[in-house]
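Enquirer: coords please:
(one chain, ligands or ions: 1)
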Amino acid sequence: MSQIFNLRVEEGIGVITFDVVGDAMNTWTDAAFEDFARLMGDVEKERGLQGIIFISGKPDNFLSGANLKTMSQVDSADLARKILDVFHGCFARMSKLGYPSIAAIHGHCLGGGLEFALACTARIAREGKTTIIGLPECNVGLFPGGGGTQRLPRLIGYPAFELILRGKMLPAAKALELGIIDRLIPADADLLAAAKIFLGEISAGKADLKRPVQDFSQVDAVADMAKQGILKATKGREIPGPIYALDSMHRGVKLSLEEGLELEKENFVKVILSNQAKGSINTFFIKGMTDKPKGMMTKGFVPKVINKAAVLGFGTMGRGIIIDILRNTKIPVLVKDIPEALEPGKAFLRKILGGMAEKKRLKEPVEDLMARLTATSDYTDAFKEVDIVIEAVFEEIGVKKQVYGELSKVIREDCIVASNTSSIPITSMAPFVANPARFGGIHFFSPVWMMELVEVIRGEQTAQETIDNLLNFTGLIRKRPIVCLDNPGFVVNAILFPYLKLALEYVETGNSIEKVDGAVTAFGMPVGPIRLVDEVGIDVPYKAMKGMGFVEPTLKNVVEAGRCGLKKSGKGFFLKDGTVDPEVLPLIAKGTPKEVSVEEMQNGFNESMLKVGKDLLDRKIVTSPAMIDVGMIWGTGFPADKGGPMKWGDLTGLSEKLFGKKFYK
Ligand code: NAI
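Expert: Here you go, the predicted structure:
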C-alpha cells in the first residue's frame, strides 16, 4: 500500500504531508484511516521532536472529509464502531504526544478534515478562494462523528450549534473571526514556513491562542430553540443526522470531552446505519451526476455553439423558458406568438425578472436582459440565425403540425428543434419537421424558473448528437436534466399520475382529504397529492389521465362542476384558508368504504412509484434508477433524505419484497 501520510523531520519539526494519490481530493478512505494509524506509530517513535505540522500535498485541498462511498457502505454497528475507534484513537494519541500539533490549511477543510484539524493543538490557514472551512455532514444526512460535535462547541461556543446543524461552510476570514482557526496568512505566503514559525511561538508559549472557557449554562434553552428550527425546516420530521448532532452537542457539553466523544460515537453509529443517511448520500451522488450535464453527454462530444435561440409560444411555459435563457446566458432570444400575446408576455417577464433583480439574483439589469429578446408574430428572416428552437405552443397535435410545417421552411438545416409537449409522443411529431434526427423533446416543469428539472426525450429518430446538444443547452440555462425515451408522461408524470390516482382512490373509499394529504406530507413530500392537483389545475391531471385512457371519476365530477382549482378558477378542493371546501365533498365519487392507516397509505404510495419505476427500467425508458430518483426529487420534491423512490425501495426492503432484487448495484 502506498503511503498517504509521509513524515519528514525538518529542523526538529515533524512535517507530515498527506496526499490520497490518484484522487482529486483528500478524503478519509479506509486506506487513509489505516495509514493514519501507521503514521501515529512512526511519529511516536521519533525522539526529540518540537512538534508536528500536517500539510496537504494537493495544490488546493486540505482534506474534504469522510469518503461518502465508504460511509454509505457501512452496514453494521461493528464496522461503524471500528472506523470511529481508529479515527478517535489516532486523535487521542495525538493529544498524548506531549508537544504541539498544527494543521496547516489551504483549500477545502471540511467535515472529517476539519475534525482532524480541530484535534490538533492549533490551526493556521492560507487565504484562497478554495480555502473553505466547515462541518457540512448534516447536509448529507450524517453528522460530525470524528469529534466535531464536541470540539467545535468547546472551541467557539454556541455558534457551533448553527454551523453544524446548518452544515455551513465558511471562508477562511470568517473561520478566523469565529476562532475556528487561529491564524490566517495571505494567499501568496509560504504556508509551511508560517506554520513552522507559529509552532515555534506555541512551543515558546508566545502564541496567543484564544481558548476561552465556554459558558454553556443556557444550553437547554439553546438546544430547544435549535430543535424547533430543525423541525421547522423538515416540517416536523425528525431526520436522524441533525437530531443526533444536536443531542450530541446538547448533552455532550455538560460532560467531560472524553465522555462527550463517547456519546457522539454512540449517536453516530445510529445515524450512519439509518436509511435516511443512506438515502441522503444517494441524493448527494445523483445530484453530482446531474450537476453538470457535460458528464452525461457522449465522451469527447463538442456541442454546437448556440448564437441564437427561438421559443415558439409566449404562454405559461414559453415565458418561463425565456426567463431562464435570458438570466443564465447571453444568448439572444426570438419568441413567436400571436400579436396579442406579445405585450402581455413581455410584461410578465419584466415582473418576474424585476422580482429577481430586487432580490439581487440577476447579474444584469432587467432592461439589458429584455434587450436580448425579440418578440414577433411572423416567421421573419431572423429565424435563419437560430441554432435551437423550443416549441411551447398549445397542446394540440394539429397546432403542432402546422407550427412545425411553417418553422421547417425558415430555419437552417442544422437547427435543433425540441418540443416541450407534456403528452404528445415526440416520435409522432417527427414527420412534421424537416430533419427528424435533429428533433427531440425537452420537457420543463412549471414554474420553469423555480423548477430545476428538465426531461430530455429521445424520439425514435432523434440522433444522439441532438440529445447531447439538448443536454448542453440544459446546462447553459442551469437546469438538471434526465434523459429518457418517448413514453406517456415521460418519467415524472408517468410515476406521478398513478400516485395521484391512488390518492383519489383513498379519498373515494372514505379516507378524508386531510388524512391522505397528511400521510404524504408526513412522509416528506412538500405538498399532498390532492393539494398538488388543486395547485396545478384540476383539469390538467384530469385531461392527462383521460389521454392515458383513464377517466378519474372524482376529477371528472369536479372539473365538470367548473372547479379547476383555487388559483385557476377560484374553486377547487380547498378554500383560501387552506381547509377543504365542503362544497367539493358531494362531488367525490363513492367507492367501497375502506379505512386505511397513514402507514398503509405511505406504503401504498411507495409501492405505486416503485412499480412504475421498475416498468420504466424494464422497458428501457431510462437506463438507470438514478434517472428516476433525480426526476422525482427535483421534479416533485420527493424527500432528499430518502434518496428517491427507487433508492427508498431498496433501503426499506420493498424492492426485494416486490421484485426479489434491489435497483441500485
Ligand atoms: P399556454 O396556453 O399558456 O401557451 C401556449 C401559447 O402558444 C399561447 O400563448 C398561444 O397563443 C401560443 N400559440 C398557439 N399557436 C401558436 C402558433 N401557431 N405559433 C406561435 N404560438 C402559438 O400553454 P402552456 O401551458 O405554456 O403549454 C405550452 C406547451 O407546454 C404545451 O405543449 C404543454 O403541454 C406544455 N407543458 C405545459 C406545462 C404546464 O404546466 N403548463 C408543463 C410542461 C409542458
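Enquirer: Nearest to the ligand: which residue in the chain?
Expert: The chain approaches the ligand most closely through G315 (1.8 Å), counting by C-beta to the nearest ligand atom. Quick note: C-beta positions are derived from backbone N, CA and C, even for glycine.
Enquirer: ok, that residue - how many residues close by?
Expert: By other C-beta atoms under 10 Å, 15 other residues sit near G315.
Enquirer: Offset the numbering so it begins at 339, please.
Expert: All set: I'll call the first residue 339, so the last point we hit is now G653.
Enquirer: Surely it touches K674?
Expert: No - with contact defined as C-beta atoms under 8 Å, G653 does not reach K674; the gap is 11.7 Å.
Enquirer: Surely G903 touches G875?
Expert: Yes - G903 lies in contact with G875 (C-beta under 8 Å); the separation is 4.7 Å.
Enquirer: These two: which is more packed in?
Expert: G903 (22 against 19).
Enquirer: If you drop the residues flanking it in sequence, what lies closest to the more buried one?
Expert: Take G903 and drop its neighbours on the chain: the residue closest to it by C-beta to C-beta, 6 or more residues apart in numbering is G910, 4.0 Å away.
Enquirer: for L823, same thing?
Expert: That would be I959: by C-beta to C-beta, 6+ apart, it lies 4.8 Å from L823.
Enquirer: cool, and C902?
Expert: D877 (4.7 Å).
Enquirer: Now do the helices in the stretch 789-938 of the chain.
Expert: 802-814, 830-846, 851-861, 867-874, 877-885, 891-898, 904-907, 936-956 (DSSP state H, counting those that start in this stretch).
Enquirer: next one: the stretch 439-588 of the chain
Expert: 450-457, 486-494, 497-503, 510-516, 529-541, 557-571, 578-590.
Enquirer: What residues of the longest one count as buried?
Expert: For helix 557-571, a neighbour-count test (16 or more other C-beta atoms under 10 Å) marks V557, V560, A561, A564, K565, G567, I568 as buried.
Enquirer: could you dump those to JSON lines with pLDDT and distance to K407?
Expert: Below are the buried residues of helix 557-571 laid out as JSON lines (pLDDT from 0 to 100; distance: C-beta to C-beta, whole Å):
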{"residue": "V557", "pLDDT": "98", "distance to K407": "35"}
{"residue": "V560", "pLDDT": "97", "distance to K407": "35"}
{"residue": "A561", "pLDDT": "98", "distance to K407": "32"}
{"residue": "A564", "pLDDT": "97", "distance to K407": "30"}
{"residue": "K565", "pLDDT": "97", "distance to K407": "31"}
{"residue": "G567", "pLDDT": "95", "distance to K407": "31"}
{"residue": "I568", "pLDDT": "94", "distance to K407": "27"}
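Enquirer: related to what we said a few turns ago, adding mean pLDDT and distance to the ligand, write the helices of the stretch 789-938 of the chain out as CSV.
Expert: Compiled in CSV, those are given as follows (pLDDT from 0 to 100; distance: least, C-beta to the nearest ligand atom, whole Å):
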stretch, mean pLDDT, distance to the ligand
helix 802-814, 98, 14
helix 830-846, 97, 9
helix 851-861, 97, 20
helix 867-874, 96, 7
helix 877-885, 89, 7
helix 891-898, 98, 16
helix 904-907, 94, 11
helix 936-956, 98, 19
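Enquirer: got the ones you listed as a markdown table, with distance to A531 columns?
Expert: Converted to a markdown table, the helices of the stretch 789-938 of the chain look like this (distance: least, C-beta to C-beta, whole Å):
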| stretch | distance to A531 |
| --- | --- |
| helix 802-814 | 42 |
| helix 830-846 | 56 |
| helix 851-861 | 55 |
| helix 867-874 | 60 |
| helix 877-885 | 66 |
| helix 891-898 | 72 |
| helix 904-907 | 64 |
| helix 936-956 | 57 |
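Enquirer: Now for the residue most central in space within the chain: which residues touch it?
Expert: Geometric centre of the chain, nearest residue: K625, 5.2 Å, by C-alpha atoms, centre = their mean. Contacts for K625 were tallied using C-beta atoms under 8 Å, 6 or more residues apart in numbering; they are R818, V968.
Enquirer: what's it sitting at in phi/psi?
Expert: Dihedral pair for K625: phi -70, psi -50, per degrees, to the nearest 10.
Enquirer: on that earlier part again, ok, the residue of the chain closest to the ligand to N758 distance?
Expert: Per C-beta to C-beta, to the nearest Å, G653 is found 10 Å from N758.
Enquirer: and for those two, which residues touch both?
Expert: Joint contacts of G653 and N758 (C-beta under 8 Å, 6+ apart) are A730.
Enquirer: Report pLDDT for the residue nearest to L823.
Expert: On pLDDT, I959 comes in at 98.
Enquirer: neighbours of E500, just the number please.
Expert: Neighbours around E500, by other C-beta under 10 Å: 12.
Enquirer: Setting aside sequence neighbours, what's the nearest residue to it?
Expert: K506 (7.0 Å).
Enquirer: What of I669?
Expert: A647 (5.2 Å).
Enquirer: Let me see the contact set for that neighbour.
Expert: By C-beta under 8 Å, 6+ apart, the neighbours of A647 are I663, I669, P670, V671, L672, V724, D725, I726, V727, I728, F811.
Enquirer: likewise V755?
Expert: I726, V727, E729, Y742, L745, I749, V771, N773, R776, F777, G778.
Enquirer: before we move on, what about N758?
Expert: Taking C-beta under 8 Å, 6+ apart, one finds M655, I659, I728, E729, A730, G779, I780, H781, F782 in contact with N758.
Enquirer: In helices, which of those residues appear?
Expert: Among the contacts of N758, the members found in helices (DSSP state H) are M655, I659.
Enquirer: Scan the contacts of N758 and report the most crowded one.
Expert: That'd be G779 among the contacts of N758, by other C-beta under 10 Å, with 28 neighbours.
Enquirer: how near is the closest residue to it other than its chain neighbours to M655?
Expert: Closest residue to G779 apart from its sequence neighbours, by C-beta to C-beta, 6+ apart: I795 at 2.9 Å. The spacing between I795 and M655, counted by C-beta to C-beta, is 15 Å.
Enquirer: And for T628?
Expert: 21 Å.
Enquirer: ok, now A756?
Expert: 12 Å.
Enquirer: What is the helix or strand harbouring I663 packed up against?
Expert: Using DSSP states H and E, I663 sits in helix 654-666. Applying 3 or more C-beta pairs under 8 Å, 6 or more residues apart in numbering; DSSP states H and E, we find helix 654-666 packed against strand 647-650, strand 671-674, helix 677-696, helix 704-708, strand 777-782.
Enquirer: tilt between the last one and helix 654-666?
Expert: So the one you mean is strand 777-782. Per axes from the mean of the first three to the mean of the last three C-alpha atoms, to 10 degrees, the angle that strand 777-782 makes with helix 654-666 is 90 degrees.
Enquirer: so what's M767 closest to, chain neighbours aside?
Expert: Here the residue nearest M767, using C-beta to C-beta, 6+ apart, is K738, at 5.7 Å.
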